[in-house]
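Asker: Got a sequence here, can you build the structure:
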Amino acid sequence: MNAFEFAAGAPGARAATPIAPSRVVWIDADLEAIEPGVDMLRRHGFEVAQAGSAAEAGPLLDGATTTDLVILDTALPDADGLALCRRLSEAEAAPVMVMSRAADTLDRVAGLEFGADDVLAKTTHPLELLARVRALLRRAARHARRTAAAALETWRFDGELGYVTSPLGRTVRLSPADAALLSALAARPGEVLKRDALVALLHGEGAVAGGRSIDARVARLRRTLSACDGAGEMIKTLRGGGYLFQAQVTMRGGLAAA
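Answerer: So this is what the prediction gives:
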């Protein structure tokens, strides 16, 4: 393995300017029940796209339009709502708010354990819903600003020892498997790598491994790197089963990665 230095963002990239209005995708089969909340958000300047099932939500989430927040009912007609919450959370594309019919203690705990950023009862007053949505988006905006500031700095990765050190000096140590995965991603910055391509890079041509096992490894690596001052943000999950290391990378030892 090699040693790398990397900074967040594509070469020459600039921080994106937020576009108003914020876009919310609300996934709930009971369109009548959520009408007051949808109306409240729209009257306060939000764009709200509605879906009655996971299947209907797919095109809304996979499209070119950025989603700023997902509101999700756990009782969906065609999918396990909590499992969908986990997938959305691991993709880290947008904050997820779970709306539960009961939202007692166990419901709230389950939603948070599956990656929700907030959990509300479906009986929540629309004004409180509006306040919670705004709070989540403010938190996401602060995180984005910190990430943009960190993009000016450089992380160091020693592939042999598995150490990643942040610009602030915080260090995490990766397992050999995670270090190999980060090396494969960092050696190809800006390149979309499908699951089977990652399997081949890690285990050799012709190797067979379940796509979900790669997803789990990437999610674990991202969590570990996130503890190193947000380095996990450089690993992007793409719809359709691909991954991209969005960073400016220099391979130490005389080789440079474009």
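
Asker: And the residue nearest to the spatial centre of the chain, what's its pLDDT?
Answerer: Geometric centre of the chain, nearest residue: Glu92, 1.1 Å, by Cα atoms, centre = their mean. Here, the pLDDT recorded for Glu92 equals 74.

Asker: I'd guessed it sits against Tyr243; true?
Answerer: No - counting by Cβ atoms under 8 Å, Glu92 stays clear of Tyr243, with 11.9 Å between them. The way it works is simple: take the backbone N, C-alpha and C, and place the C-beta from them, glycine included.

Asker: okay, and the common contacts of those two?
Answerer: Listed as contacting both Glu92 and Tyr243 by Cβ atoms under 8 Å, 6 or more residues apart in numbering are Thr237.

Asker: List the buried residues in the longest helix seen in the chain.
Answerer: Counting by DSSP state H, the longest helix found in the chain is helix 126-150. By neighbour count on 16 or more other Cβ atoms under 10 Å, the buried set for helix 126-150 is Pro126, Leu129, Leu130, Arg132, Val133, Leu136, Leu137, Ala140, Thr147, Ala150.

Asker: can you check stretch 94-113 too?
Answerer: Buried, per 16+ other Cβ under 10 Å, within stretch 94-113: Ala94, Pro95, Val96, Met97, Val98, Met99, Ser100, Ala103, Asp107, Arg108, Ala110, Gly111.

Asker: do stretch 60-78 as well
Answerer: Across stretch 60-78, burial judged by 16+ other Cβ under 10 Å covers Leu60, Leu61, Thr67, Asp68, Leu69, Val70, Ile71, Leu72, Asp73, Thr74, Leu76.

Asker: In terms of helices and strands, where is the second one?
Answerer: Following DSSP states H and E, the helix or strand that holds Leu61 is helix 54-62.

Asker: hmm, back to that, now the buried residues of helix 126-150 as a markdown table including pLDDT?
Answerer: As requested, the buried residues of helix 126-150 are exported to a markdown table (pLDDT from 0 to 100):
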| residue | pLDDT |
| --- | --- |
| Pro126 | 96 |
| Leu129 | 96 |
| Leu130 | 96 |
| Arg132 | 94 |
| Val133 | 95 |
| Leu136 | 93 |
| Leu137 | 92 |
| Ala140 | 85 |
| Thr147 | 65 |
| Ala150 | 56 |
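
Asker: from those, which two are the most distant?
Answerer: Greatest spacing in the buried residues of helix 126-150, by Cβ to Cβ: Pro126 and Ala150 (36.2 Å).

Asker: Low-confidence stretches in the stretch 101-250 of the chain?
Answerer: 102-104, 146-152, 206-211 (pLDDT under 70).
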